[in-house]
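Visitor: dropping the sequence and predicted coords here.
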Amino acid sequence: MLAGPPIVKADGTIETFDPNRLQASLVRAGARAYAAEQITEQIAKTVVAGASSREIYARAFALLRKEARPVAARYALRRALLEFGPSGHPFEDFISHLFRANGWQVTTRQIMQGKCVTHEVDFYAIREGEHLAAELKYHNDPAYKTDLKIALYVHARFEDIWQCDPAYRSCPVNRGFLITNTKFTGDAIAYASCAGIELLGWSYPRGTGLLEEMCRTKVYPVTTLTTLSRSEKRLLIDQGIIAVDTLIKRPDALDVLRLSPPRVGEIRAEANELLALPHPFD
């Protein structure tokens, strides 16, 4: 399809609407090729100059939801992470759940002794002799990018931990991470690569970013389910239920919502169908 008019991205920059890119994102979410093509054509006919990417996303999501709720749920993953806010604790719990699915033993909010001062590290994980510590940065604004200033700050903390006398270090650390639910600036990526800090963000590293890892491990935020209202999602989060697979593994997980059996069945059906979707990056 031909490129469309200029549109406004979430960060305020202008780019040309690319229907092929939209169609590819729908297919990646799990939409059938024909459905993705039809949805893209409907949206492309009505996009006008100055339209926001948020508006285009909302229309695509609404059309996709009519086609297949589980696919719409996966299409909404980035927005779903934004619904964890306002605090960063649910995001920390979700990242812990994600890493546990990969075989890590995880502790959150771990106190570590540095050479100069003690530090509270958001995330600490052990697997097969590897010891990983991470600083997590959660943002409610999809336009926000984790920048060089944050990378410098995180690197300084890990340098202090790494330089601590092993005799006083209660928790060894082999790898230091900076993890965010959004994207990184180019300078943050360049500095982290040079300084030895590993990054995990929405689409970074390429091929193993947060989106790819969620789809590969089938660990999805509970906020992505389209059959749950915003208030129901918040009640589940407040009870520590932050991932879709928990609704399947724990029969009592939805009890706090006091729903009718048909509603419970509807929510669990969407959860099962979402978890059954094939990996879109294979």
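Guide: All right, it came through fine. Numbering: from 1, shown residues only.
Visitor: from here on, contacts and neighbour counts on C-alpha atoms
Guide: Fine.
Visitor: next, the residue lying closest to residue 52 once chain neighbours are set aside: phi, psi?
Guide: Nearest non-adjacent residue to residue 52, counting by Cα to Cα, 6 or more residues apart in numbering: residue 8, 4.6 Å away. For residue 8, the backbone dihedrals (degrees, to the nearest 10) come out as phi -100, psi 120.
Visitor: roughly how far does residue 8 sit from residue 58?
Guide: Noted for residue 8: a distance of 14 Å to residue 58, by Cα to Cα, to the nearest Å.
Visitor: ends of stretch 247-256, how far apart?
Guide: 12 Å.
Visitor: got it, and stretch 250-265?
Guide: Stretch 250-265 has an end-to-end distance of 14 Å (criterion: Cα to Cα).
Visitor: ok, stretch 230-247 next?
Guide: Stretch 230-247: ends 16 Å apart by Cα to Cα.
Visitor: state the mean pLDDT of it.
Guide: Mean per-residue pLDDT for stretch 230-247: 96.
Visitor: now what about that stretch, what contacts it?
Guide: Contact partners of stretch 230-247, identified using Cα atoms under 8 Å, 6 or more residues apart in numbering, comprise 84, 90, 93-94, 97, 218-223, 225, 253-254, 256-257, 268, 271, 275.
Visitor: could you confirm residue 91 falls within a strand?
Guide: No. Assigned with DSSP: H, G, I helix; E, B strand; the rest coil, residue 91 falls outside any strand and is helix.
Visitor: once you drop chain neighbours, what's closest to residue 24?
Guide: residue 36 (7.9 Å).
Visitor: ok, the one you found - contacts?
Guide: 23, 24, 26, 27.
Visitor: check the gap between it and residue 9 for me.
Guide: 21 Å.
Visitor: cool, residue 238 as well?
Guide: Applying Cα to Cα, the value for residue 238 to residue 9 is 32 Å.
Visitor: again with residue 149
Guide: Counting by Cα to Cα, the gap from residue 149 to residue 9 is 23 Å.
Visitor: among those two, which residue is more densely surrounded?
Guide: Taking neighbours as other Cα atoms under 10 Å, residue 149 and residue 9 compare with residue 9 leading, 17 against 11.
Visitor: where does this protein dip in pLDDT?
Guide: Scanning the chain for pLDDT under 70 picks out the ranges 1-2, 169-170, 281-282.
Visitor: rerun at 50
Guide: Flagging of the chain using pLDDT under 50 yields an empty set of residue ranges.
Visitor: where do the strands sit along it?
Guide: 6-8, 14-16, 105-113, 118-127, 130-137, 145-146, 175-180, 183-184, 198-200 (DSSP state E).
Visitor: columns distance to residue 43 and mean neighbour count on top of those strands, output as JSON lines?
Guide: Listed next are the strands of the chain as JSON lines, based on distance: least, Cα to Cα, whole Å; neighbours: other Cα atoms under 10 Å:
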{"stretch": "strand 6-8", "distance to residue 43": "13", "mean neighbour count": "20"}
{"stretch": "strand 14-16", "distance to residue 43": "14", "mean neighbour count": "14"}
{"stretch": "strand 105-113", "distance to residue 43": "43", "mean neighbour count": "17"}
{"stretch": "strand 118-127", "distance to residue 43": "41", "mean neighbour count": "18"}
{"stretch": "strand 130-137", "distance to residue 43": "34", "mean neighbour count": "20"}
{"stretch": "strand 145-146", "distance to residue 43": "28", "mean neighbour count": "21"}
{"stretch": "strand 175-180", "distance to residue 43": "31", "mean neighbour count": "22"}
{"stretch": "strand 183-184", "distance to residue 43": "26", "mean neighbour count": "22"}
{"stretch": "strand 198-200", "distance to residue 43": "32", "mean neighbour count": "20"}
